[in-house]
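Peer 1: Mind looking at a prediction? Sequence and model below.
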There are 2 protein chains.
Amino acid sequence: MKRYGGIEAGGTKFVCGIGDQEGRLLHRARFPTTTPGETIEQALEFFQKHDPVEAIGIASFGPIDLDTASPGYGRITSTPKPGWSRTDLVGQMSADLGVPVAFDTDVNGAALGEHRWGAARGLHTFVYLTIGTGIGGGGMVAGNLIHGALHPEMGHMRIPHDRSADPFEGICPFHGDCLEGLAAGPAIEARWGARGETLGEDHPAWNLEARYLGLALANLALTLSPQRIILGGGVMHVRGMFPMVRAELQATLNGYVQHAAFLDEIEKTVVPPALGDQAGVLGAIALALSG
Amino acid sequence: MKRYGGIEAGGTKFVCGIGDQEGRLLHRARFPTTTPGETIEQALEFFQKHDPVEAIGIASFGPIDLDTASPGYGRITSTPKPGWSRTDLVGQMSADLGVPVAFDTDVNGAALGEHRWGAARGLHTFVYLTIGTGIGGGGMVAGNLIHGALHPEMGHMRIPHDRSADPFEGICPFHGDCLEGLAAGPAIEARWGARGETLGEDHPAWNLEARYLGLALANLALTLSPQRIILGGGVMHVRGMFPMVRAELQATLNGYVQHAAFLDEIEKTVVPPALGDQAGVLGAIALALSG
């Protein structure tokens, strides 16, 4: 049986795994993201300890350089995370392990994993959006992951922000009140003065959150016409968020997109990831498989 | 020499053309869009009068039904244009002319034409946006036109609207102040009480217009990471609009997308269509060629 390695390289934790072509996870390790040297060393040790793999996929936080013609290919680029700018993930892993290394964003990796084994199986055009400490998005069009000049940064899209209803300025260091600046976990905490986990289900935070996510999903639907929108991340674990976000999406579109996916069948269109907590590392393994 | 037919089916005019594989236009006719019966009859007469074609492409105003598995495939769906809802464009043309008929949105057609012969040659991921009596967008990801559940309707995305700076409510019958409701030609006329063509180059209308288009382009850049954004339509003929829109796009991104395409090389990234006034009908012919 062929085995494939995956690294979910996150800003707060790294998850390494080894799996097979059916998406079964055979080994798994998780450790905090500290310095690049220490963290990459732990990843190398994990793969050296276990059976050899055919290839490794790295699904990384970003922004990252995906241009294979660029001297910076395989690196994290301009992250605000101390010490990690210009870190060469691909070069170090391939040099030390001697196997091919595939590389993409964490969200494109998760999208690929959901396409192979999860909620996007059999689809050709869909979006994967995660709403947690940041907001990131990836996806496919006609069966291809979305890459162009760079990679998507959907979390930084601009949406209407009614300051009379929500005077909060937003906390994105680049854009202030972009989607991430208004609706990621840290924005919720900054606006209400308490972490989202401590706010009750009936707190007005969640109506506002659903409103912003509904606006963002409408923009994604109007730009990509996806067959499905998969929403992951901690914020989507709040009870009732899925029905609220679906309702806000439909209210924003206001019947304009005349397709069952955005009308009667909205519950099948806006869904959680099927791979759950393993979506990240399985996505990285899916990258290795398709690389 | 093989010949291919194209119909640019617009809400105000139809343009029919016959061209070759190199995008040379051999015959062309243009007539106003009146009733479906009369307009389609004129198109049929055009093709019956000239040499036979291998196939016909129809690049249509919308929304349209592109799902080949749907009983409504090939039809315009829920247009507000009187008499045109449910019009079967594909069925009538293929029955009467006996050749294969390819079908897509006007903007996806124009995107395909620009990809084959124009400003998107050699690219794999780009956007085509037209700003005129409406705002429509199409494009490609990894060499495939963007289709999913339906087709893109980029003109209806929501963007920030600062009502203290611009109290105009927007005129989209579905969404009020979506992009089209704020920034298409009829919105300019409704806001300022005069048609755009009559406003001077220094009129404040154009700064505001560039601001809205810059916000929209930022959202498209962050969602699709296009290698190029082609902007067509009458509004982009206003002198100075391209530099203003590029500046607003960069101001909105605020350096976040670390790629030359959105930094030093922005002038090569946000460009007019290379096919000019023929983009629509050549796009339809490109559909016939690839159908």
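Peer 2: On my side now, so go ahead.

Peer 1: end to end, how far does stretch A:16-26 reach?
Peer 2: 11 Å (CA to CA, to the nearest Å).

Peer 1: If you count neighbours, what's buried in that stretch?
Peer 2: By neighbour count on 16 or more other CB atoms under 10 Å in any protein chain shown, the buried set for stretch A:16-26 is A:16-19, A:23. C-beta here means a position set from N, CA and C on the backbone, and glycine is covered the same way.

Peer 1: and if you look at stretch A:64-81?
Peer 2: In stretch A:64-81, counting by 16+ other CB under 10 Å, buried: A:64-66, A:74-77, A:79.

Peer 1: of the residues you listed, list those near chain B.
Peer 2: Intersecting the buried residues of stretch A:64-81 with the surroundings of chain B, defined as CB under 8 Å from any CB of the partner chain, gives residue A:77.

Peer 1: who in the stretch 1-150 of chain A is up against chain B?
Peer 2: So far as CB under 8 Å from any CB goes, the stretch 1-150 of chain A lies against chain B at A:63, A:77-78, A:124-126, A:137, A:141-150.

Peer 1: And the buried ones among those, selectable in PyMOL?
Peer 2: Only the buried entries of the residues of the stretch 1-150 of chain A next to chain B go into this PyMOL selection, using 16+ other CB under 10 Å:
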select buried, chain A and resi 63+77+124+125+126+137+141+144+145+146+147+148+149+150
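
Peer 1: The residues of the stretch 1-150 of chain A next to chain B in strands, which ones?
Peer 2: A:126, A:137, A:141, A:144-145 (DSSP state E).

Peer 1: Show me which pair in these is furthest apart.
Peer 2: Within these, two members stand farthest from each other by CB to CB: A:137 and A:144, at 15.5 Å.

Peer 1: so which of the ones in strands among the residues of the stretch 1-150 of chain A next to chain B comes closest to residue B:157?
Peer 2: Using CB to CB, residue A:137 comes nearest to residue B:157 of these, at 14.6 Å.

Peer 1: Tell me what that closest one is bridged to.
Peer 2: residue A:129 (DSSP bridges).

Peer 1: same deal with residue A:31?
Peer 2: Using DSSP bridges, the bridge partners assigned to residue A:31 are residue A:14.

Peer 1: any residues touching the worst-scoring helix or strand of chain A on mean pLDDT, and which ones?
Peer 2: When each helix and strand of chain A is scored by mean pLDDT, DSSP states H and E, helix A:89-97 comes last, with a mean of 93. The contact list for helix A:89-97 (CB atoms under 8 Å, 6 or more residues apart in numbering or on different chains) reads A:7, A:9, A:40, A:43-44, A:47-48, A:53, A:56, A:58, A:60, A:64, A:73-76, A:100-101, A:103.

Peer 1: Now which of those residues would you call buried?
Peer 2: A:7, A:9, A:40, A:43, A:47, A:53, A:56, A:58, A:60, A:64, A:74-76, A:101, A:103.

Peer 1: which one of those sits closest to chain B?
Peer 2: residue A:64 (10.1 Å; CB to the nearest CB).

Peer 1: Name all residues that make contact with the closest one.
Peer 2: Here residue A:64 is in contact with A:74-77, A:89, A:103-105, A:151 (CB under 8 Å, 6+ apart).

Peer 1: ok, now with 6 Å
Peer 2: Applying CB atoms under 6 Å, 6 or more residues apart in numbering or on different chains to residue A:64 gives the contacts residue A:76.

Peer 1: repeat for residue A:156
Peer 2: A:175, A:178, A:180, B:222.

Peer 1: Find the nearest non-adjacent residue to it, please.
Peer 2: Spatially, and ignoring its direct neighbours in sequence, residue A:156 is nearest to residue A:178 (4.7 Å; CB to CB, 6 or more residues apart in numbering or on different chains).

Peer 1: mind listing what the one you found touches?
Peer 2: A:156, A:158, A:172.

Peer 1: Equivalent analysis for residue A:77, please.
Peer 2: Residue A:77 touches A:63, A:65, B:258, counting by CB under 6 Å, 6+ apart.

Peer 1: Export those as TSV, with columns for pLDDT.
Peer 2: Formatted as TSV, the contacts of residue A:77 follow (pLDDT from 0 to 100):
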residue	pLDDT
A:63	88
A:65	92
B:258	86
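
Peer 1: So which of these is the closest to residue A:245?
Peer 2: Using CB to CB, the contacts of residue A:77 come closest to residue A:245 at residue A:63, 26.2 Å.

Peer 1: mind exporting the strand or helix carrying residue A:110 as PDB, just the C-alpha atoms?
Peer 2: Assigned by DSSP states H and E, residue A:110 belongs to helix A:106-117. Extracted in PDB, the C-alpha atoms of helix A:106-117 (Å, rounded to 0.1, in the frame of the first residue of the first chain):
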ATOM      1  CA  ASP A 106      -4.300  25.600   3.800                       C
ATOM      2  CA  VAL A 107      -7.700  26.300   2.400                       C
ATOM      3  CA  ASN A 108      -7.000  25.000  -1.100                       C
ATOM      4  CA  GLY A 109      -5.600  21.900   0.600                       C
ATOM      5  CA  ALA A 110      -8.800  21.500   2.600                       C
ATOM      6  CA  ALA A 111     -10.900  22.100  -0.600                       C
ATOM      7  CA  LEU A 112      -8.900  19.400  -2.400                       C
ATOM      8  CA  GLY A 113      -9.500  17.000   0.500                       C
ATOM      9  CA  GLU A 114     -13.200  17.700   0.600                       C
ATOM     10  CA  HIS A 115     -13.300  17.200  -3.200                       C
ATOM     11  CA  ARG A 116     -11.500  13.800  -2.900                       C
ATOM     12  CA  TRP A 117     -13.200  12.400   0.100                       C
END
